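Asks: Next comes the sequence, and after it the predicted model I'd like to discuss.
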Number of protein chains: 2
Amino acid sequence: MGERIPTRHSLALSPSCNHCSLSNLCLPLAVSDGDMGRLDEVVNRGAVYDRGQAIFQQHTPFRSCYAVRSGAIKTSVETAEGDYQITGFYLPGEIIGLDSLHAEEYAGSAIALERSSVCEIPMDQLESLSFEIPTLQHHFFQLMSQEIQNGQQLSLLLSRKTAEERLASLLLSLSSRYERRQMPPTAFRLPMARNDIANFLGLAVETVSRVLTRFQSQGLATINGRSVESLDLEGLHSLLQSPGT
Amino acid sequence: MGERIPTRHSLALSPSCNHCSLSNLCLPLAVSDGDMGRLDEVVNRGAVYDRGQAIFQQHTPFRSCYAVRSGAIKTSVETAEGDYQITGFYLPGEIIGLDSLHAEEYAGSAIALERSSVCEIPMDQLESLSFEIPTLQHHFFQLMSQEIQNGQQLSLLLSRKTAEERLASLLLSLSSRYERRQMPPTAFRLPMARNDIANFLGLAVETVSRVLTRFQSQGLATINGRSVESLDLEGLHSLLQSPGT
DNA sequence: CGTGGACTTGATCAGCGTCAACCCTCGTGG
DNA sequence: CCACGAGGGTTGACGCTGATCAAGTCCACG
């Protein structure tokens, strides 16, 4: 259990953001080579979390955002009334915690879906740094506004789409994100449980299960537990066109 | 139609953000008196839009965010497939357009729900200015992360709440926001049509109508068209407690 | 005073949630 | 090595919430 296993892809020991294999997805893409040293001083690289462990928890003091380095993370918010909503799934190169920047406490929790490593970005230091590196401030504005848009897309999906469309959207989103990470877009492992998918998409677990088997029988994908194969990207896309107009 | 009517509350001619009656809600709260002049140079104050007019439109070149000065604004996104989702209602002192900061084009549209005036904030200038005024950059980070959280709350509402809970949430949100603006929290006018409410909350217009009349018959509010009176804040709040635990 | 859009009300219907049973997989321990 | 149990996943039957369709009313406007 507590054994130390080197993270795969040998990410673990990379001494600088500069040499990280994710440098074209992550913060480094906003920082010139000359300023990279400054970034390295601020970022704490490579903490590892096991499946189920929390990177941070709602209502604890806010310190840092985190860049996902390997694995996969889910973020969620919980209301006083006990409703629980997963707000996103994050893959390597993506940043979590941006929704808490304005507060003293984390606005939500982040849990590792599988053994994952993350890089800590202490935000007080980063904020100072971004006074000196204009492109960095600009990049954070971009990241956050992108995050707002993702939320809007999610809202749209939750209020207007059918169960099939929701699942199709999720599969296509994962597919394209894996593709950007040089991984096969039509065959991958789902890092999250059916439960998580259901919660994220605002459906019941049973519905998720049913729709996925329906996809299977329609030849849109081969799905076995968490493994997805031969995704029919075209077919899924055509599900999203509402028959309007 | 083209007649010039002075905006109410005599906001129209205020020469500086400093003297604006919204200065404790809007950008000025992040700027010291000494720096206020710099802010004034950047902000274009007081353009007026009639009901139905667009402050900006999706897919047009992004230039500026806008602070609502009087009236009320709705923002929305439209997908390629023709789905249309209202993403928020904005009251005086609130900022619109933050979701587009990262892009060349506006990610959504903003439409005046009633005759409204807004102050334009050209973002290239503001971004430069925020290098020099640390509290301003910080404030924008805060605004944006608040906006992300609003989106998460909306997602939660759309995926977990019943029609009654959604309406109750909206009424309570408006109520508390009016209160912060020194207006009565239990009696106000709804600036938006039933259609807009329905779209925003992911319901059919008919459902909105039915639920509102049900509220009325339960004594939770007196609702007549767009006028809301004697809101029972306690009662509405108790609707939100899911009977869990 | 008349017209069109916003709003309400009623009847019907279906998508998806809920409840319940079952299965499959994998890790644990005898 | 196998038995067991627990958690995740699938499948089926049923009912409810809210969408849809269809009239009808109210109101603001010209």
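Replies: Structure's in. What do you need?

Asks: Just the C-alphas of stretch A:17-34, formatted as CSV.
Replies: Taking Å, rounded to 0.1, in the frame of the first residue of the first chain, the C-alpha atoms of stretch A:17-34 are listed here in CSV:
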residue,chain,number,x,y,z
CYS,A,17,8.9,22.7,-15.9
ASN,A,18,11.1,23.3,-18.9
HIS,A,19,11.8,19.6,-19.4
CYS,A,20,8.3,18.4,-18.5
SER,A,21,6.6,16.5,-21.3
LEU,A,22,3.5,18.6,-20.7
SER,A,23,5.3,21.9,-21.3
ASN,A,24,3.3,22.5,-24.4
LEU,A,25,0.0,22.1,-22.5
CYS,A,26,0.7,23.6,-19.1
LEU,A,27,2.0,26.8,-17.6
PRO,A,28,5.3,26.8,-19.5
LEU,A,29,3.6,27.6,-22.7
ALA,A,30,3.0,31.1,-21.3
VAL,A,31,6.6,31.7,-20.1
SER,A,32,9.7,32.4,-22.1
ASP,A,33,12.8,30.3,-21.6
GLY,A,34,14.4,33.2,-19.8
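
Asks: roughly how far out does it sit from the chain middle?
Replies: With Cα atoms, centre = their mean, to the nearest Å as the basis, stretch A:17-34 stands 18 Å off its chain's centre.

Asks: So stretch A:92-104, near chain B or not?
Replies: Yes: applying Cβ under 8 Å from any Cβ of the partner chain, one finds stretch A:92-104 touching chain B at A:98-103. The C-beta positions use only the backbone N, C-alpha and C, and glycine is treated the same way.

Asks: Name the nearest residue to the residue nearest the centre of chain A, ignoring sequence neighbours.
Replies: Geometric centre of chain A, nearest residue: A:Y90, 0.9 Å, by Cα atoms, centre = their mean. The shortest distance from A:Y90 to any non-neighbouring residue, by Cβ to Cβ, 6 or more residues apart in numbering or on different chains, is to A:I73 (4.5 Å).

Asks: Quick one, which of the residues of stretch A:92-104 next to chain B are buried?
Replies: A:98-102 (16 or more other Cβ atoms under 10 Å in any protein chain shown).

Asks: In strands, which of these fall?
Replies: Among these, no member is found in strands (DSSP state E).

Asks: Of the residues you listed, which are in range of DNA strand C?
Replies: Applying Cβ under 7 Å from any atom of the strand, the subset of those adjacent to DNA strand C is empty.

Asks: what residues does chain A put near DNA strand D?
Replies: Near DNA strand D, when you scan chain A using Cβ under 7 Å from any atom of the strand, you find A:193-195, A:205-206, A:208-210, A:212-213, A:223, A:225-226.

Asks: Just read off the phi/psi values of the residue nearest to A:Y90.
Replies: phi -130, psi 140 (degrees, to the nearest 10).

Asks: A:G34 belongs to a helix?
Replies: Yes: looking at A:G34 with DSSP: H, G, I helix; E, B strand; the rest coil, it is inside a helix.

Asks: Tell me how many other residues crowd A:S238.
Replies: Neighbour count for A:S238, taken as other Cβ atoms under 10 Å in any protein chain shown: 11.

Asks: Show me the helices in chain A, by range?
Replies: Here chain A has its helices, by DSSP state H, at A:36-42, A:123-132, A:134-160, A:163-180, A:194-201, A:205-217, A:233-240.

Asks: Out of these, flag the one nearest B:R177.
Replies: For the helices of chain A, the distance to B:R177 is smallest for helix A:134-160, at 19.0 Å, taking Cβ to Cβ.

Asks: can you list the residues of chain A near DNA strand C?
Replies: A:162-164, A:202-204, A:206-207, A:225.

Asks: thinking again about what came up before, export the helices of chain A to a markdown table and append columns for distance to B:R63 and mean pLDDT.
Replies: Shown next, in a markdown table, are the helices of chain A (distance: least, Cβ to Cβ, whole Å; pLDDT from 0 to 100):
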| stretch | distance to B:R63 | mean pLDDT |
| --- | --- | --- |
| helix A:36-42 | 30 | 92 |
| helix A:123-132 | 23 | 90 |
| helix A:134-160 | 14 | 92 |
| helix A:163-180 | 29 | 97 |
| helix A:194-201 | 34 | 97 |
| helix A:205-217 | 42 | 96 |
| helix A:233-240 | 31 | 94 |
